[in-house]
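A.B. asks: Got a sequence here, can you build the structure:
(chains A and B)
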Amino acid sequence: EDQVTQSPEALRLQEGESSSLNCSYTVSGLRGLFWYRQDPGKGPEFLFTLYSAGEEKEKERLKATLTKKESFLHITAPKPEDSATYLCAVQGISNGGNNRKLIWGLGTSLAVNP
Amino acid sequence: GAVVSQHPSWVICKSGTSVKIECRSLDFQATTMFWYRQFPKQSLMLMATSNEGSKATYEQGVEKDKFLINHASLTLSTLTVTSAHPEDSSFYICSARDTLQGLVSYEQYFGPGTRLTVT
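C.D. replies: All right, here's what the predicted structure looks like:
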């Protein structure tokens, strides 16, 4: 069964203190791994898609990496405005039919203190 | 690009009434849209997958007669909560896949969500 586990559940950082969020996955053939950011009371905002092990993508202070078992979201010198819940999801071959639904992790709640 | 809107952003209704939520893809066509429900401090729970021109596919445990989904065009899907009760109060979020981009990728783009409160 396809599964996504995110850790830690919550993370509190000081402004400028770099860290990483983890997304471990089990999927029968990975078609794509997705990172989203969600602010309270809003819909998730798309950040990155990773397709194959070794792939990396960057956007401002965020960098996402992918291995065959997990993905990391590295946050470099975070600012208070980076505070949000970060969600990870995967698309596997078994869910690659017309519906193509994603399997979601529970998220990591990040708080960055000024 | 890839903007999804939802209307209304919040709604309060009385128990027993029905509420319709609209989800629109503003700058792309979406053959497939998804409806999620989210409880406070919990992750997204997929309710159903909406396909343009065909019946929606509901997840196990979701009552299709209570949560009516219509995907009448390539840019609009609606979710109607029928005979709403207080336990239906939640945050409902839709997402859409770009039909053309979706040939090679699987991203979902989300709307801002609708807060439903049933009194």
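
A.B. asks: what's near enough to touch A:Ser19?
C.D. replies: Counting by Cβ atoms under 8 Å, 6 or more residues apart in numbering or on different chains, A:Ser19 makes contact with A:Leu11, A:Leu13, A:His74, A:Ile75, A:Pro78. C-beta here means a position set from N, CA and C on the backbone, and glycine is covered the same way.

A.B. asks: Which one of those is nearest to chain B?
C.D. replies: A:Leu11 (14.8 Å; Cβ to the nearest Cβ).

A.B. asks: Around the residue in chain B positioned nearest to chain A, how many other residues sit close by?
C.D. replies: Residue nearest to chain A within chain B: B:Phe110 (3.6 Å; Cβ to the nearest Cβ). B:Phe110: 23 surrounding residues under other Cβ atoms under 10 Å in any protein chain shown.

A.B. asks: ok now do the residue lying closest to it once chain neighbours are set aside, which residues does it touch?
C.D. replies: Excluding its sequence neighbours, the residue lying closest to B:Phe110 (Cβ to Cβ, 6 or more residues apart in numbering or on different chains) is A:Gly43, at 3.6 Å. Taking Cβ under 8 Å, 6+ apart, we find A:Gly43 in contact with B:Val4, B:Gln6, B:Ile93, B:Ser95, B:Phe110, B:Gly111, B:Pro112, B:Gly113.

A.B. asks: same thing but at 7 Å, please
C.D. replies: With contact set as Cβ atoms under 7 Å, 6 or more residues apart in numbering or on different chains, A:Gly43 has these partners: B:Ile93, B:Phe110, B:Gly111, B:Pro112, B:Gly113.

A.B. asks: could you dump these to a markdown table with pLDDT and secondary structure?
C.D. replies: Output for the contacts of A:Gly43, formatted as a markdown table (pLDDT from 0 to 100; DSSP: H, G, I helix; E, B strand; the rest coil):
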| residue | pLDDT | secondary structure |
| --- | --- | --- |
| B:Ile93 | 98 | strand |
| B:Phe110 | 97 | strand |
| B:Gly111 | 97 | coil |
| B:Pro112 | 97 | coil |
| B:Gly113 | 97 | coil |
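
A.B. asks: Of these, which is the most crowded?
C.D. replies: Each of the contacts of A:Gly43 was scored for neighbours by other Cβ under 10 Å, and B:Gly111 scores highest at 29 neighbours.

A.B. asks: check contacts around the residue lying closest to it once chain neighbours are set aside.
C.D. replies: Residue nearest to B:Gly111 in three dimensions, not counting chain neighbours: B:Gln6, with 3.7 Å by Cβ to Cβ, 6+ apart. Shown in contact with B:Gln6 (Cβ under 7 Å, 6+ apart): B:Ile21, B:Glu22, B:Cys23, B:Cys94, B:Gly111, B:Pro112, B:Gly113, B:Thr114.

A.B. asks: Relative to B:Ser83, which of the residues you listed is nearest.
C.D. replies: Taking Cβ to Cβ as the measure, B:Ser83 lies nearest B:Ile21 of the contacts of B:Gln6, at 15.3 Å.
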